[in-house]
Every structure is written in C-alpha cells, then in structure tokens.
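Trainee: sequence and predicted structure below; questions after.
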Amino acid sequence: MTMQLDHDELHRLLAALAESDIQEFRLEGDDFRLEVRRNIPSPSLVTSMIPAPTVVDQGVASTISESKSESSVVGTPPPVVPASRSDLVDVSAPMVGTFYRAPSPDDAPFVEVGSRISLGQTVCILEAMKLMNELESEVSGEVVEILVENGTPVEYGQVLMRVKPS
C-alpha cells in the first residue's frame, strides 16, 4: 500500500501534533519520511540554545525528506553558515519558524550587530504556527553577527546570530 500526504493533510497532522503531548513522531511512506520532534535536546546544538517561553507552545520541529521532486512538501535546506569562532556563542533556532528582528514592522529591531545584551533579554521572535515566540538570551555579551534576514524562514537548529559573551 502506498501512502500519500498532500500539503493540507500535512498541515492538519502538524497542527494535531502541536496540540498533543507527543514529543516524537515518525511517519514513512514509499517516497517520503516525516520526523517530528519537540522539546528534545539535540547533541548537535550548542548548549546556549534559547528556548521559547513556557507560556506558548514551542511549536513543532520537523524534518521532511522526499525523493519525488514534484511534491509540494519539500522545503529548501537552511543556508550554509560559516564556522563559528571558539570565543562566540551561537544562538540557534529551537524550532522551525519565521525569524523576525522586531516586534512589528514599524518598530526598531531587538538587537543590532554591536548591541550589548543581557541575560533574559529578547533578541528576536520566531513565528511558528501563528504563535509569536520571543527568544531570550541565555548569555550576556555583544552581538557580533546576525546571520538571518528579517522575515526569513528558519530551520530547527539553524544559527540565527552569534554573541561574544562578557
């Protein structure tokens, strides 16, 4: 039996998973594999990964791979990011979403390159499934690099910015 999953079915499945207590989910078909994980630390992420506030759902981190190019579910991979210097702390996306530098289009960005930040300060917003998740800094220091453009989709674990701790 061949399983097919169209775009609408995928969105309904991800919405149902986001509202459940399921932490890990895997679905495989002849031509696709869907893995969903949330709130599970990844060994490839730097320990300074910033979690979303506990008041809102952290969203669903998903990895989708397909062999059929005509499918509408396949996303583009995150851009290649240059290696980090050992004296910098990577701020990585704890979920799939859209990166926003400011609370609204008319407001100033939370941080700029050269900004001094303190522990707990909001550095950006990730929108996931219509929820705005403020990412708070887990380190004090200076923002050295911002690697993502405003309004850009980001992947789970993608480096968003780098901070030189103080």
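Mentor: Cool, got the structure. Note that the structure is predicted; figures quoted are calculated from it, not measured. Numbering: from 1, shown residues only.

Trainee: what lies in contact with stretch 121-128?
Mentor: Outside stretch 121-128, the residues that touch it by CB atoms under 8 Å, 6 or more residues apart in numbering are 50, 52, 57-60, 91, 93-103, 110-111, 117, 132-137, 143, 154, 160-161. Bear in mind the C-beta positions are built from the backbone N, C-alpha and C, glycine included.

Trainee: return the subset of these lying in strands.
Mentor: Among these, DSSP state E puts 91, 97-100, 117, 132-136, 143, 154, 160-161 in strands.

Trainee: list buried residues within those.
Mentor: Burial by neighbour count, 16 or more other CB atoms under 10 Å: within those this picks out 91, 97, 99-100, 117, 133-136, 143, 154, 160-161.

Trainee: what is the nearest of the ones in strands among the contacts of stretch 121-128 to Val36?
Mentor: Closest to Val36 out of the ones in strands among the contacts of stretch 121-128 is Gly97 (14.2 Å), distances taken as CB to CB.

Trainee: you'd agree Leu34 is up against Arg26?
Mentor: Yes: using CB atoms under 8 Å, Leu34 makes contact with Arg26 at a distance of 7.1 Å.

Trainee: these two: who's more crowded?
Mentor: Ranked by neighbour count (other CB atoms under 10 Å), Leu34 and Arg26 place Leu34 first, with 19 against 10.

Trainee: domains of the protein?
Mentor: Following automatic domain parsing, one gets these domains for the chain: 7-66, 89-165.

Trainee: go through the ones you listed and pick out the most buried.
Mentor: Highest mean neighbour count among the domains of the chain (mean count of other CB atoms under 10 Å): domain 89-165, with a mean of 18.

Trainee: state the mean pLDDT of that domain.
Mentor: In this model, domain 89-165 carries a mean pLDDT of 94.

Trainee: now stretch 36-45: average pLDDT?
Mentor: Mean per-residue pLDDT for stretch 36-45: 53.

Trainee: what strand or helix carries Ala16?
Mentor: Using DSSP states H and E, Ala16 falls within helix 7-18.

Trainee: so what does that helix touch, helix or strand wise?
Mentor: The contact analysis (3 or more CB pairs under 8 Å, 6 or more residues apart in numbering; DSSP states H and E) places helix 7-18 against strand 32-37.

Trainee: quick one: the strand it packs on to helix 7-18, angle?
Mentor: 20 degrees (axes from the mean of the first three to the mean of the last three CA atoms, to 10 degrees).

Trainee: neighbouring strands - and their directions - for strand 32-37?
Mentor: Strand pairing for strand 32-37, using DSSP bridges, gives strand 24-28 (antiparallel), strand 61-66 (antiparallel).
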